[in-house]
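**Student:** need coordinates for the following:
(2 chains)
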Amino acid sequence: MDIITARDLTVGYGRTEVLRGLAFAVPEGLITAVVGVSGSGKSTLLKTLAGLLPPLGGGFEFAGSPVDYRSEASLGRLYAKIGVLYQDGALLNGLSLYENVALPVRMHYPELPEAVVRDMVHAGLAQVEMAGSAEKFPSELSGGMRKRGALARALVLDPQVVFCDEPSSGLDPITSRLLDDLLLRLKESFKMTLVVVTHELRSIERVADRVLLLNDGGLRYSGEYGDLAASDDGFIRTFFLRKGHHDDA
Amino acid sequence: MSGTASTPGPSETLRLPKTLRAAELVAVLGDLGRRSGDGSVILDFRDVEEFDSSTLAFLGRLSECRPGVSAANVPEALARAEAAFAKRPDVCWPEKPAVPPPGTRSSRFFQARADRFLARVRALGLFLAMFGDEVFHIGRYLRRRRGVYPGETWNQMFFMGYLSFPIVCLLLFLVGVTISITSAEQLRIFGAEVYIADLVGYAMLRELVPLMTGVILAGKVGAAVTAELASMTVLEEVDALRTMGVVPEKFLMVPRLIAITLVVPLLVAMADVAGIFGGVVVARVTFGMLPSAFIDQMLNTVDWTDFAWGLVKTVVFGWAVVVGAGFKGLTVGRSAEEVGRATTESVVLSITMIIIIDCIFAFVLY
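**Tutor:** Numbering: from 1, shown residues only, chains lettered A, B, ... in the order given. Got it, this is the predicted structure:
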């Protein structure tokens, strides 16, 4: 079953269209990688799917319901079902890691007893192997730890879909691999749907079940990652298989 | 032989050095530029062994760099590298033909002015909408007590109030001293020394304390609020709040607005005391006037309504500062340099709003 279905979706800023006429589906329980060269609109598309940037045309359905950007209630329903891991984590600097992870719980369910909140936060931190750093502030954490902490915050309310914006950027290969393993574990253990924006080929290779390849203001490829090898599209071969257009000739 | 080109011979051939990188290339171009006449020049590359991308780009665009120049004896390694260099941009970044801007020059000029005007109108609309939103969020928060981080209002009160007391009191004391000194001499001429108390009291309570406190809040609190919120916007923390289902305009602004509303009365009271104390000191030193006589004389002119109006004005100024600062902070772009620009604009906007609002109060009250 598809959890996100986009139809004729056009995204951009102001009058500038970045991507036009996108039609794709994100299946439930799989990792979909949104890939493309820098400036191809990956993060713009992610912002639209995460309810931050209204589409310039068309629209998309989330879990069977159309997302209406003009309706606060519709956006509220979307936000309740998603978690977002931002490029630099976007943890609130004034709060400790524990308070950061507790924030969505406290904001949505202020009636919950503190003991329940504590258990939820510790479970979230344990999921990302950060239980020992709960009292640290974001400025005291390394880049990889901040991302794992932010992932714990994104997961604490058990979202249906987690959007990850460049999870490997700025990380060394080992930490990047650990984060990829974490994403795979989330998919396998919790049947979670993940939409990962990245241009790290190794990361795509490790985690992606499906790929949305953006290029030149549109969708160049949408399908299984495994089917890419059979593609005779020059750009796809250049991008994924590190072969130039001229090599195809 | 590296570093400069050898002297060209009579055959108009320029033999290039062994090392031909950007620095040596500049020397070669200078040499070519100095050569007079329209005859052709042959660049002899036979000695070139060390080169960089500037050499490759130059080799590919010889005739564009200087008409009548051609290459000879290009070593195989250099030719191969140049061929690869020339191919690369076409693979990765296909050149797109430049699209000429539409319309005439004057129509583009007016279009740009109109766009700028509309952008300002839109910004004003957004500001007013945000002001309305904040009133709505505060009302909602006071009813349901949700959507704001626990304890944040106290933190903001500490920052806006406690940490602002010293500077507000010091500056208002000095303003009281200054206004007393400047008016003392004029009052002495007319034998009206005793009215220094009326003048200082009325000016402080009604005008100077609200205005100066507002300006100090704009510089201290407004700048800090904008810098903090703008940094949060740039670092995607505001987006993160939104996707957590938290309304940033409520979560970040309501504690600050409640805090400013609660601390302003205390700030104003302390600032009034400090300013009047400045007048008392000058009156005592200049005219030998007793503090009790000063206060008695002042109370003949001012009453609690003057204090109350000063308080109301300062609360309005405080709101203008915080909403203006929040507006600038939350509507900032995505680059670090915009944080600095937004902070400056926030202070200017706040002070402008304070003076406009003060002017409106003057029309209403006097």
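**Student:** where do the helices sit along chain A?
**Tutor:** Ranges of helices in chain A, per DSSP state H, are A:42-49, A:72-81, A:97-108, A:114-127, A:143-155, A:173-190, A:201-207, A:234-241, A:245-248.
**Student:** residue ranges in chain A under the pLDDT threshold?
**Tutor:** Scanning chain A for pLDDT under 70 picks out A:242-249.
**Student:** please list the residues of it that sit near chain B.
**Tutor:** By the rule Cβ under 8 Å from any Cβ of the partner chain, the part of chain A lying against chain B is A:47, A:50-52, A:76, A:79-80, A:82-84, A:86-88, A:90-93, A:95, A:103-104, A:106-108, A:110, A:150, A:153, A:238, A:244-246. To be clear about C-beta, it is placed using only N, CA and C from the backbone, and glycine gets the same treatment.
**Student:** show me which of those residues are buried.
**Tutor:** A:47, A:50-52, A:79, A:82-84, A:86-88, A:90-92, A:95, A:103-104, A:106-108, A:150, A:153, A:238 (16 or more other Cβ atoms under 10 Å in any protein chain shown).
**Student:** where do the helices sit along the stretch 151-300 of chain B?
**Tutor:** B:152-157, B:165-189, B:196-202, B:209-217, B:223-234, B:237-243, B:248-251, B:254-287, B:291-301 (DSSP state H, counting those that start in this stretch).
**Student:** what does the stretch 151-300 of chain B put close to chain A?
**Tutor:** Within the stretch 151-300 of chain B, the positions near chain A by Cβ under 8 Å from any Cβ are B:232, B:235-237, B:239-246, B:251.
**Student:** so which of those is the closest to residue B:267?
**Tutor:** Of all these, the one sitting nearest residue B:267 is residue B:251; the distance, using Cβ to Cβ, is 24.8 Å.
**Student:** tell me the contacts of that closest one?
**Tutor:** A:107, B:147-149, B:241 (Cβ atoms under 8 Å, 6 or more residues apart in numbering or on different chains).
**Student:** what's the closest non-adjacent residue to residue B:237?
**Tutor:** residue A:90 (4.9 Å; Cβ to Cβ, 6 or more residues apart in numbering or on different chains).
**Student:** against chain B, how distant is the closest residue to residue A:241 other than its chain neighbours?
**Tutor:** Of all residues not flanking residue A:241 in the chain, residue A:229 sits nearest, at 7.1 Å (Cβ to Cβ, 6+ apart). Per Cβ to the nearest Cβ, to the nearest Å, residue A:229 is found 21 Å from chain B.
**Student:** got the helices of the stretch 151-300 of chain B as CSV, with mean pLDDT columns?
**Tutor:** Shown next, in CSV, are those (pLDDT from 0 to 100):
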stretch, mean pLDDT
helix B:152-157, 92
helix B:165-189, 92
helix B:196-202, 92
helix B:209-217, 95
helix B:223-234, 95
helix B:237-243, 93
helix B:248-251, 92
helix B:254-287, 93
helix B:291-301, 91
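**Student:** can I get the ones you listed in CSV including distance to residue B:125?
**Tutor:** Output for the helices of the stretch 151-300 of chain B, formatted as CSV (distance: least, Cβ to Cβ, whole Å):
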stretch, distance to residue B:125
helix B:152-157, 27
helix B:165-189, 33
helix B:196-202, 39
helix B:209-217, 24
helix B:223-234, 20
helix B:237-243, 20
helix B:248-251, 15
helix B:254-287, 20
helix B:291-301, 43
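**Student:** can you get me a residue count around residue 165?
**Tutor:** The chain I'm using is chain A. The tally of other residues near residue A:165 (other Cβ atoms under 10 Å in any protein chain shown) stands at 23.
**Student:** meant chain B actually
**Tutor:** As a burial measure, residue B:165 scores 15 neighbours (other Cβ under 10 Å).
**Student:** list the contacts for it?
**Tutor:** The neighbours of residue B:165, taking Cβ under 8 Å, 6+ apart as the test, are B:266-267, B:270.
**Student:** repeat that for 7 Å
**Tutor:** Applying Cβ atoms under 7 Å, 6 or more residues apart in numbering or on different chains to residue B:165 gives the contacts B:267, B:270.
**Student:** ok, then the element right after the helix or strand encompassing residue B:311?
**Tutor:** In this structure, residue B:311 sits in helix B:304-330 according to DSSP states H and E. Downstream of helix B:304-330, the next assigned helix or strand under DSSP H and E is helix B:336-365.
**Student:** tell me the helices and strands packed up against that following helix.
**Tutor:** On a contact count with 3 or more Cβ pairs under 7 Å, 6 or more residues apart in numbering or on different chains; DSSP states H and E, helix B:336-365 meets helix B:209-217, helix B:223-234, helix B:304-330.
**Student:** and the helix holding residue B:311, what's buried?
**Tutor:** For helix B:304-330, the neighbour count (16+ other Cβ under 10 Å) marks B:306-307, B:309-311, B:313-330 as buried.
**Student:** quick check: residue B:41 touching residue B:68?
**Tutor:** Yes - counting by Cβ atoms under 7 Å, residue B:41 touches residue B:68, with 6.3 Å between them.
**Student:** quick one, which of the two is more surrounded?
**Tutor:** Between residue B:41 and residue B:68, counting by other Cβ under 10 Å, residue B:41 is the more crowded of the two (19 against 15).
**Student:** surely residue A:179 is in contact with residue A:166?
**Tutor:** No - at 10.8 Å, residue A:179 and residue A:166 do not qualify as touching, with contact defined as Cβ under 7 Å.
**Student:** roughly how far does residue A:8 sit from chain B?
**Tutor:** For residue A:8 relative to chain B (Cβ to the nearest Cβ), the value is 24 Å.
**Student:** ugh, typo on my part, it should be residue A:183
**Tutor:** 18 Å.
**Student:** give me the neighbour count for residue 226.
**Tutor:** Picked chain A for this. When neighbours are defined as other Cβ under 10 Å, residue A:226 has 11 of them.
**Student:** ah, no, chain B please
**Tutor:** 30.
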